[in-house]
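[1] Could you work out the structure for the sequence below:
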Amino acid sequence: MPTFTVWRLAPDDPLIGEEPVRLNTALIDGRSTGAAGQYHRRQPLKLRNPANGRGALGYAMGGRVGRQDIRIGYETLNQLALQEGEPVEVRPATWTEMLGHYLRHPKGHVRLSMQLALLGVVLGLMGLVTGILSLVVSLL
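    As a prediction, this is how the structure comes out:
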């Protein structure tokens, strides 16, 4: 898992509220060719503090930072319990990590929309099972 040195985002960064992870622009694959060792733009990334195991989710964005540096927001720094200049591990996030992140999101409207989406999936599956069972019973 690649390790980067973490720094705080500039206060005037236009994406400061959207959980960006600013990586060196050379590490961002804008064409989505899947080149080895590169991240896609807006790809969900799992950040992990190697000292205490705490994690956070962010989105890969290019920026003017060093090759082994990343810049993240103040809230993400606090969530990871990191200080500037400390190491952080970065890897692509899995869909279960993204699901868990949005179910525990600090913004209520994001958390509510994910809960409603899961409720819709559960109710849809229940309707599908009910429909299949009624079809099977009617054919017997």
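
[2] Got the domain ranges for the protein?
    Split into domains by automatic domain parsing, the chain comes to 3-93, 105-139.

[3] Specify the strand with the largest residue count in the protein.
    Across the chain, the longest stretch assigned as strand under DSSP state E is strand 55-63.

[4] now what about that one, what contacts it?
    Residues from elsewhere that reach strand 55-63, judged by Cβ atoms under 8 Å, 6 or more residues apart in numbering: 15, 18-25, 27-28, 30, 39-49, 71-72, 76, 79-80, 93, 97-98, 101. Where C-beta positions appear, they are placed from N, C-alpha and C, glycine not excepted.

[5] Could you save the domains of the chain as a markdown table and add columns showing mean pLDDT?
    Formatted as a markdown table, the domains of the chain follow (pLDDT from 0 to 100):
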| stretch | mean pLDDT |
| --- | --- |
| domain 3-93 | 85 |
| domain 105-139 | 94 |
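
[6] Which of these has the highest mean neighbour count?
    Mean neighbours per residue, mean count of other Cβ atoms under 10 Å, is largest over the domains of the chain for domain 3-93, with a mean of 16.
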